[in-house]
Structures are given as C-alpha cells and as structure tokens.
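In: my questions concern the predicted model and sequence given below.
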Amino acid sequence: MLSISEPHKTILAGEIAFAREKMDAESDTRKKVYYYSAVPAMIQRIFNIDPNFDRQLVFMFAVLSASYNQTKAFMDRIMAGDRLITPPENFFDKISIYLQELEYKIRNNEDTYTILEKIAVSAYLLDGNGYYLHQKGWIKLPE
C-alpha cells in the first residue's frame, strides 16, 4: 500500500489510466511505447511533489522504468531492422491489462507487488534470454 497522499494517488492512477487508454487506441507500436513512458515519468513527478517517501513507490518506479526501457530498446532494435526477437502475441494487450490492474490497486490502496512482478516478467520476454526461454515454453506472459 502506498503512503503517498490521496490526491497524489488519484493523480497517479489517473495518469496510468490515460496512458493505458492512449496505448489501447494506437495501432503504431512506437506510439504505444511512447505512451507507456508516461507511467514511470509520473511516478518520478510524484517523488518530487509528495513529501511522504514511499518504498513501494520506489519499487514501482524501478520495475516500470526497467520495463519501459526494455520495451523501448526492443522497439529500437526492430526499427534498426533486427527482427530476431519478436514479442509474444498480445504483448501490448497484456501490458494494458497489467496497467489497469495497477491503477485499480493504487486507487484501492492495495499491495502492488504481484502486478509489478507480471510487468517485470513481461519485459524479460523482450530480452534475448527471456525470448529463448519463451521459445522453450518455460516462460510466458503472465495471466
């Protein structure tokens, strides 16, 4: 549960909802990644305006930043012509579902660890070893 102020929880949840809705509306994968970047960026803004230091928010920022960076690096490789690794089917649909779950947990003051774990695993699938394990059937997009 986050210890930041209720108004900041509302702002954060609202920003996650907005980013998710924009991602869902886009067919261009690059734009989906662009809108995804808004989520860790908003968390960082909350750090700068809410005096209640929150460890769970730091963890959330670390996971979402890593996920965004991995997704952006993957997209950059695709744009450069490297198509060796392909995302799992419905990758961005799952990210949208995870963001919706995260938004719900923030609004309802629930623990976010499990959903952040799903986001971390999803990002790992875009890495060489994660893709390899996915090809072996040992790892898949979390439900």
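Out: Ah, there it is.

In: is Met42 in contact with Glu15, as I believe?
Out: Yes: look at Met42 against Glu15 with Cβ atoms under 8 Å: they come within range, at 4.1 Å. (Glycine included, C-beta is placed from N, CA and C.)

In: and the nearest residue to Phe74 once chain neighbours are set aside, how far from Ile139?
Out: Leaving aside its sequence neighbours, Phe74 sits nearest to Leu126 (Cβ to Cβ, 6 or more residues apart in numbering; 4.1 Å). According to Cβ to Cβ, to the nearest Å, Leu126 stands 12 Å off from Ile139.

In: what are the ranges of the helices in this protein?
Out: Using DSSP state H, the helices found in the chain span residues 6-25, 29-36, 38-49, 55-79, 91-107, 113-124, 128-136.

In: circling back to that earlier point, which one of Leu126 and Ile139 is surrounded by more residues?
Out: Legend: neighbour count by other Cβ atoms under 10 Å for Leu126 and Ile139, higher for Leu126 (22 against 18).

In: need the phi and psi values for that one.
Out: Backbone geometry at Leu126, expressed as degrees, to the nearest 10, gives phi -90, psi 0.

In: residues contacting it?
Out: Gln70, Thr71, Ala73, Phe74, Ile85, Pro87, Phe91 (Cβ atoms under 8 Å, 6 or more residues apart in numbering).

In: can you count the residues close to the third one?
Out: By other Cβ under 10 Å, the residues close to Ala73 number 14.

In: same check on the first one?
Out: For Gln70, the count of nearby residues is 18 (other Cβ under 10 Å).

In: how close does the nearest residue to it once chain neighbours are set aside sit to Ile49?
Out: Leaving aside its sequence neighbours, Gln70 sits nearest to Ala123 (Cβ to Cβ, 6+ apart; 4.1 Å). The gap separating Ala123 from Ile49 is 27 Å, by Cβ to Cβ.

In: looking at those two, which is more packed in?
Out: Ranked by neighbour count (other Cβ under 10 Å), Ala123 and Ile49 place Ala123 first, with 22 against 11.

In: the more buried one reaches Lys72, doesn't it?
Out: No: Ala123 is beyond contact range of Lys72, at 10.3 Å (criterion: Cβ under 8 Å).
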